[in-house]
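Q: Prediction below, plus the sequence it came from.
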Amino acid sequence: GGIITQTPKFLIGQEGQKLTLKCQQNFNHDTMYWYRQDSGKGLRLIYYSITENDLQKGDLSEGYDASREKKSSFSLTVTSAQKNEMAVFLCASSLSGGSAETLYFGSGTRLTVL
Amino acid sequence: GDSVTQTEGQVALSEEDFLTIHCNYSASGYPALFWYVQYPGEGPQFLFRASRDKEKGSSRGFEATYDKGTTSFHLRKASVQESDSAVYYCALGETNAYKVIFGKGTHLHVLP
């Protein structure tokens, strides 16, 4: 078995601040994903990466950057935090990224912007 | 683009009730269809999938049948327990792609 570790679990930022969220997986999976979860809106894809150094934009990429410098890690940067923003950011991985594969999720980073 | 619609935002049942959560999709071809479950403080967990018409997926007493004719993948369970209280997500894997699209989720509350 494996695990996905997201850090930090809770992140509090100020309006306009650049914030970075980190994700590590030890499944040795090729593909990693960042989703944003908002109450009543489900999970929306921000970025994904099918291999080291690859980046693909999802439906919600504006306002975010991502980085995949190692196979095991995938980071997400909120380029300018929006006031009163609250959301959970979920990292996931899959073996080789075919869309029929199982996604394995971390437990999330909860963002609050003051 | 492809999409997933879950009709119910919240469902409240008593223990031993029958559960149905409706999921309809819009996509070309034969996308893989999934159900995931999320408990408080955790990330979603894979429940099961189906990849072709009339295929039934099942796990832990939950089941759903891929129906291309009605573009549906409704989640059912014959007798729910309090421990089934969670958020359930229907999802679709785009054909020949990497993206998995999720519905908005259904919050199931099972009362003892």
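A: Ah, there it is. Given the structure is predicted, the values throughout are model-derived calculations rather than measurements.

Q: Give the pairing partners of the worst-scoring helix or strand of chain B on mean pLDDT; include direction for each.
A: Scoring the helices and strands of chain B by mean pLDDT, DSSP states H and E places strand B:100-102 at the bottom, with a mean of 92. Using DSSP bridges, the strands paired with strand B:100-102 are strand B:86-93 (antiparallel).

Q: what does the average pLDDT come to for the strand it pairs with?
A: On average, the pLDDT along strand B:86-93 is 96.

Q: And stretch B:36-56, by the same measure?
A: 96.

Q: where exactly do the strands run in chain A?
A: Using DSSP state E, the strands of chain A run over residues A:4-7, A:10-13, A:19-25, A:31-38, A:42-49, A:56-57, A:64-70, A:73-78, A:86-94, A:104-105, A:109-113.

Q: Take those and write them to CSV, including mean neighbour count.
A: All C-beta atoms are positioned from the backbone trio N, CA, C, and that covers glycine. As requested, these are exported to CSV (neighbours: other CB atoms under 10 Å in any protein chain shown):
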stretch, mean neighbour count
strand A:4-7, 19
strand A:10-13, 14
strand A:19-25, 19
strand A:31-38, 24
strand A:42-49, 22
strand A:56-57, 15
strand A:64-70, 16
strand A:73-78, 20
strand A:86-94, 22
strand A:104-105, 22
strand A:109-113, 18
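
Q: Relative to residue B:75, which of these is closest?
A: Of all those, it is strand A:42-49 that lies closest to residue B:75, at 14.9 Å by CB to CB.

Q: can you pull up the bridge partners for the closest residue to residue A:74 other than its chain neighbours?
A: Among residues not flanking residue A:74 along the chain, residue A:32 sits closest, at 4.0 Å (CB to CB, 6 or more residues apart in numbering or on different chains). Applying DSSP bridges to residue A:32 yields these beta-bridge partners: residue A:49, residue A:93.

Q: Residue A:42 touches residue B:102, doesn't it?
A: Yes: counting by CB atoms under 8 Å, residue A:42 does reach residue B:102; the two are 4.8 Å apart.

Q: Now for the two: what residues contact both?
A: Listed as contacting both residue A:42 and residue B:102 by CB atoms under 8 Å, 6 or more residues apart in numbering or on different chains are residue B:89.

Q: can you put the strands of chain A in a markdown table and add mean pLDDT and distance to residue B:46?
A: Shown next, in a markdown table, are the strands of chain A (pLDDT from 0 to 100; distance: least, CB to CB, whole Å):
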| stretch | mean pLDDT | distance to residue B:46 |
| --- | --- | --- |
| strand A:4-7 | 97 | 13 |
| strand A:10-13 | 95 | 26 |
| strand A:19-25 | 97 | 15 |
| strand A:31-38 | 95 | 14 |
| strand A:42-49 | 94 | 13 |
| strand A:56-57 | 94 | 22 |
| strand A:64-70 | 96 | 23 |
| strand A:73-78 | 97 | 19 |
| strand A:86-94 | 95 | 10 |
| strand A:104-105 | 96 | 8 |
| strand A:109-113 | 95 | 21 |
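
Q: Thanks a lot, see you next time.
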